[in-house]
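[1] What follows is a predicted protein model with its sequence.
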Amino acid sequence: MSATSGHEAARTQHAERAVAAPEPQSDATARPLRAWQRRALTKYLTQRPKDFLAVATPGAGKTVFGLRVAAELLSDRTVEVITIVTPTEHLKHQWAASAAHAGIAIDSNFRNTTGVTSSDYQGVAVTYAQVAAHPNLHRVRTENRKTLVILDEIHHAGDAKSWGEAVEEAFTPAVRRLALTGTPFRSDDSPIPFVTYEPDADGSLRSKADSTYNYADALADGVVRPVVFLAYSGEASWRTSAGDEFTARLGEPLTAEQTARAWRTALDPGGEWVPSVLQAADTRLTQLRSGGLPDAGGLVIATDQDSARAYAKILQRISGEQPVVVLSDDPKATKRIGEFSESTERWLVAVRMVSEGVDVPRLAVGVYATSASTPLFFAQAIGRFVRARQPGETASIFLPSVPVLLELASELEAERDHVLGKPHRESDGWDDELLVAANRTEDEPGEEEKAFTSLGASAELDQVIYDGNSFGTAVFSGSEEEQEYLGLPGLLEPDQVRALLRKRQEEQLADEKRRKPQKAEPEPEPAPKPQAVGERIHALRKELNTLVGVYHHRTRKPHGAIHNELRRICGGPPTAMATIEQLEERIATLRSW
């Protein structure tokens, strides 16, 4: 046997022994490694690469994997110190706490102005912004001692050219670099430092991960929870700065401007939509708590501080408990999140604190009450709810019924690599600058907010999305039909969830059929009285949307495409502006299909 093959065999045996060896008996690592972590660790310790990229879905255990790698490299003296780089201040402290449980002392209060830390620490945790502010300082620290650099959510090294350059400058001298990410990459035109790229079929370059564990894999293994999305539509009315009043329905084909204004109107805490959805979400939370998850918690993701405070007041009236409110400029934000995670309090309301890695495993109900619509923000937000603690758990996310969110909800299991040479990220929605804007706390209303005034919005449960499929037809908020969906058992296996949703839908459609008996020769309806016009229009819109839902389930065509086809055939404006006669014609046409 050659010397080379002998060394390889020895490394493989060492890796297998290290993976199989008992772990330190601590809170964080007493449990065995998961299958994907064992595979990744074996590969890492066998190959001993300078750079290693692990892509794993939120909740899969990237931190545990990273700290196990760190412990092995410290133990065999491959490295002497560790530098952990995170996107946020909160995550610095979260990593340090996890490292402490694993027996590794990390200084998360390290400051560039000081530049040094106590010899009692085995490393430091810093943010990408800290590195970018003084890359040479971090390069000197990296050069002085054999360093392992853990780059958490590595895609942030590509957020800005200066950040990427700083990371490359600071950590090129590192003995080992471990890159982790749980958020899908997006197309871009500049490479992320220390990430390997390979030619794609179309000539572009695609990132190559050394270990990949996606949401679909984790769901099959029971590592993460399945997510049930409850999409709420409703009529929204607003007044423009010119004094014109408009009414539109969430989820119907609208212009981009109409969709944005209807969406923002729905999220106005002064209307009916938010209280109705928060009431439904609190009902769902109560169901989960009484059905096997007694400490289940809820998170409302707000657009700005004023909305967050208003949502908290509404939740207090609904639940009888004061929610925990976490704002981006609160110096105690990390402490508040930690205390909430360890408590049994019902609700957390937050603005910016939904970024990668914020870890509150008991979160099981979410309300997406923000106008942020980038796929990256959505993926990060939903990632807060998917960590599984016991078999049968599900997460329930309440969101506005707008096309972009419905599409993202249906594509939850889609994978994304980092692709170079594709159209710029602004064109595909995977834009970190948009993410920053979505997360930003606004103290003053922007031009869009000044351009119109919300007049109010109603709420209806439009559909339930699970496993990429849509279930149910439109029902009023507070109705018995809505309660059927809110009352799903708290602990169900994925196939049981699917079967129960299908059964609920069949019962709902059967009820609709029973309530509308067919007449041999239907009598013409009398002309509506002036005072009944509003009620008649509302009833016809509801009937039309119900039929669109039925047709969607038969043909799998999107709701918007069905509405557009009806308008093409029958003519007329969007449903929100259609007359009684136009609505009746569309209903008759759809029934004929």
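    Arrived safely, thanks for sending. Numbers count the residues shown, from 1 in each chain.

[2] what's the distance between the top strand by length along the chain and the middle of its chain?
    Using DSSP state E to define each element, the chain has its longest strand at strand 227-240. Offset of strand 227-240 from its chain centre (Cα atoms, centre = their mean, to the nearest Å): 18 Å.

[3] Could you break this protein into its assigned domains?
    Domain ranges of the chain: 3-220, 225-506, 516-592, per automatic domain parsing.

[4] could I get those as CSV with mean neighbour count?
    Heads up, the C-betas are built off the backbone N, CA and C, glycines and all. CSV is the format used below for these (neighbours: other Cβ atoms under 10 Å):
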stretch, mean neighbour count
domain 3-220, 18
domain 225-506, 19
domain 516-592, 15
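
[5] okay, the ones you listed in TSV with mean pLDDT next?
    Formatted as TSV, those follow (pLDDT from 0 to 100):
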stretch	mean pLDDT
domain 3-220	84
domain 225-506	79
domain 516-592	72
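
[6] ok, back up a step: following the chain onward from the longest strand of the chain, which element is next?
    For strand 227-240, the succeeding helix or strand toward the C-terminus, using DSSP states H and E, is strand 245-250.

[7] Please name every helix or strand in contact with that next one.
    When contacts are defined as 3 or more Cβ pairs under 8 Å, 6 or more residues apart in numbering; DSSP states H and E, strand 245-250 packs onto strand 227-240, helix 256-266.

[8] what helix or strand does the residue most central in space within the chain sit in?
    Nearest to the geometric centre of the chain sits residue 382, at 2.2 Å (Cα atoms, centre = their mean). Element membership of residue 382 [criterion: DSSP H and E] is helix 375-382.

[9] Please give the centre-to-centre distance between that helix and its chain.
    4 Å.

[10] Then stretch 67-80?
    That offset, for stretch 67-80, works out to 33 Å (Cα atoms, centre = their mean).

[11] Also stretch 365-376?
    For stretch 365-376, the distance to the chain centre is 7 Å (Cα atoms, centre = their mean).

[12] gap between the two ends of that stretch?
    20 Å (Cα to Cα, to the nearest Å).

[13] Just the CA atoms of stretch 327-334, as PDB, please.
    Extracted in PDB, the C-alpha atoms of stretch 327-334 (Å, rounded to 0.1, in the frame of the first residue of the first chain):
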ATOM      1  CA  LEU A 327     -37.900  46.500  17.800                       C
ATOM      2  CA  SER A 328     -34.700  46.800  15.700                       C
ATOM      3  CA  ASP A 329     -33.200  49.700  17.700                       C
ATOM      4  CA  ASP A 330     -33.900  48.100  21.100                       C
ATOM      5  CA  PRO A 331     -30.600  47.400  22.800                       C
ATOM      6  CA  LYS A 332     -32.300  44.700  24.800                       C
ATOM      7  CA  ALA A 333     -33.600  42.900  21.700                       C
ATOM      8  CA  THR A 334     -31.400  39.900  22.000                       C
END
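
[14] which is the next helix or strand following the helix or strand where residue 335 lies?
    Under the criterion of DSSP H and E, residue 335 resides in helix 333-342. Downstream of helix 333-342, the first helix or strand assigned by DSSP H and E is strand 347-350.

[15] Packing partners of that next one?
    Strand 347-350 packs on strand 297-302, helix 305-319, strand 324-326, going by 3+ Cβ pairs under 8 Å, 6+ apart.

[16] could you measure residue 292 against residue 389, distance?
    11 Å (Cβ to Cβ, to the nearest Å).

[17] Name the residues contacting each of those two.
    When contacts are counted by Cβ atoms under 8 Å, 6 or more residues apart in numbering, the set common to residue 292 and residue 389 is empty.

[18] Walk me through which strands the next helix or strand along the chain from the helix holding residue 382 pairs with, and which way each runs.
    Using DSSP H and E, the next helix or strand after helix 375-382 towards the C-terminus is strand 395-400. Here strand 395-400 is paired, per DSSP bridges, with strand 227-240 (parallel), strand 363-369 (parallel).

[19] closest to residue 377 out of those strands?
    Distance to residue 377, taken as Cβ to Cβ, is lowest for strand 363-369 among these, at 9.9 Å.

[20] ok, back up a step: can you redo the strands paired with strand 395-400 as TSV with distance to residue 258?
    Shown next, in TSV, are the strands paired with strand 395-400 (distance: least, Cβ to Cβ, whole Å):
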stretch	distance to residue 258
strand 227-240	9
strand 363-369	20
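
[21] No more questions from me, cheers.
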